[in-house]
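[1] following is a predicted model, sequence given first.
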Amino acid sequence: MRREISWRVQKEDAGRLLKHFLKVPMGLSEKEIRRAKFREEGIRVNGKRRKTNALLSEGDRVEVLLETGEETSSRLTVSRLPLHILYEDGDLIVVNKPSGLKTHPNSRGEEDTLANRLAAYLRDKGEDSVVRIAGRLDKDTSGAVLAVKNRAAGARLARQRERGDFSKTYLALARDLPEERTGWIRAPIGPDPEQKGRMRISPGGKEAVTWYEVLGEGKGFSLIRLQIFTGRTHQIRVHMAYLGCPLLGDPLYGKKIRDKDKSPGILEIPSLGRTALHAAELVVLQPFTGEKIVVRVPFPEDMKEIYLPDPVSLC
C-alpha cells in the first residue's frame, strides 16, 4: 500500500534545512528518512526530488513517500465471514472481535481468524497489505482490536506504546470481590513449567503491571475495569487469579488460590461459556496527524446476561 505525507512550510520554518524539517514538524525518524531518500519519489519539494540539505522557503510543499506498496501476506487464506468495523482511516482499522474467534492462525490449515477476515477485507478494497495487528486478544476475549495498514504507521504506533499514548481499557466479571476496590497489581509473570500454555506468578518472570477498579457487584461476582501497562501473555487473567478473584468461566486460572479458600474446581457459569473479559475501549493517536481517536465497544450480550447494565460508558 502506497503511503505519502505532505506538509506546507510555514513562515517560521522558512530558511530551515529540509533534513531538519523532516524531523520537526513532520516527525519522521532517521530510519524513515533514510528509506525515503533512496526511493524514486522519496523526498520532494514542490513536486521535485530534493536532497535533504536543501533550504526551504515559506509556502514550499514537502512530500515524502514512506512506502511504495506490498502485497497481502501469501500465507493468509482470506475469509469473507463478517467483520465488524468500528473505525477506519488510511492507516488504521479498529474491529470488534467476537468471542470464540482467534486473532491469528496458529497453523496453515486455519482459514478463519481475525487476520484472515482482515486480509479479505483489505484485498476486496484494493488495499493489499500485510496484516499487522497491534496487540492480540485471546480467543475467548471479545472487543476492540487495532490493526495498522502500513509499516510506517506501525513504527509510529510502536513509539506511542512506549510513551503510553496507546491504551486499552478492559471490563471483566470476576469471582467474589477484591479486598481493595481499586489498586495496582505488580507481580512478575512467567511460563508455568508444569502445564504448557499456562502462565503463573514467578519471581523470575517478566515485569507485569495491572491497574484495576471495582465498578459493580453481583451475587458472588464483581464487575472490574482494568488497564495493563505491560503486555504479558494472559496478564489480566493471571493477575486477577493472584488477587483471589479469577475471571468467571476461565478454564486455566479459574481455581481460587487464596489459602483461606480450599474449595476445589472451576467456577462454571452456564450462560457464559467463556472467559468473561472484554476490551471495551481503545485510545490511540492517528499516526500522522496526532488526532486522538477513542473507540468504545458495547458490552457483549453474553456478559449482559450476568451483569445487565452496560458499563462501557464508565470507561
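    Arrived safely.

[2] quick one: the strands in the stretch 51-200 of the chain, in order.
    Using DSSP state E, counting those that start in this stretch, the strands of the stretch 51-200 of the chain run over 61-67, 85-88, 92-97, 132-134, 142-148, 167-175, 182-186, 189-191, 199-201.

[3] which one of these lies nearest to Trp7?
    strand 61-67 (5.2 Å; Cβ to Cβ). To be clear about C-beta, it is placed using only N, CA and C from the backbone, and glycine gets the same treatment.

[4] show me where the chain dips below the pLDDT cut-off.
    1, 68-75, 128, 255-271, 314 (pLDDT under 70).

[5] which residues in it form helices?
    18-23, 30-37, 114-124, 151-163, 235-242, 301-304 (DSSP state H).

[6] helices or strands up against the second one?
    Using 3 or more Cβ pairs under 8 Å, 6 or more residues apart in numbering; DSSP states H and E as the contact criterion, the elements in contact with helix 30-37 are helix 18-23, strand 43-45, strand 61-67, helix 151-163.

[7] and for Ile236, nearest residue in space, chain neighbours not counted?
    Leu226 (5.6 Å; Cβ to Cβ, 6 or more residues apart in numbering).

[8] now Ala119
    Nearest to Ala119 is Leu76, by Cβ to Cβ, 6+ apart, at 4.5 Å.

[9] what's near enough to touch that neighbour?
    Pro105, Ala115, Asn116, Ala119, Val131 (Cβ atoms under 8 Å, 6 or more residues apart in numbering).

[10] any idea how far it is from Ala115?
    6 Å (Cβ to Cβ, to the nearest Å).

[11] shared neighbours, those two?
    What both Leu76 and Ala115 touch, as defined by Cβ under 8 Å, 6+ apart, is the set Pro105, Val131.

[12] can you pull up the bridge partners for Glu225?
    Just so we're on the same page, residue 225 is Arg rather than Glu. On the basis of DSSP bridges, Arg225 takes part in beta bridges with Leu171, Glu213.

[13] Gly90 and Lys149 touch, don't they?
    Yes: look at Gly90 against Lys149 with Cβ atoms under 8 Å: they come within range, at 7.0 Å.

[14] any idea how far Arg232 lies from Leu285?
    24 Å.
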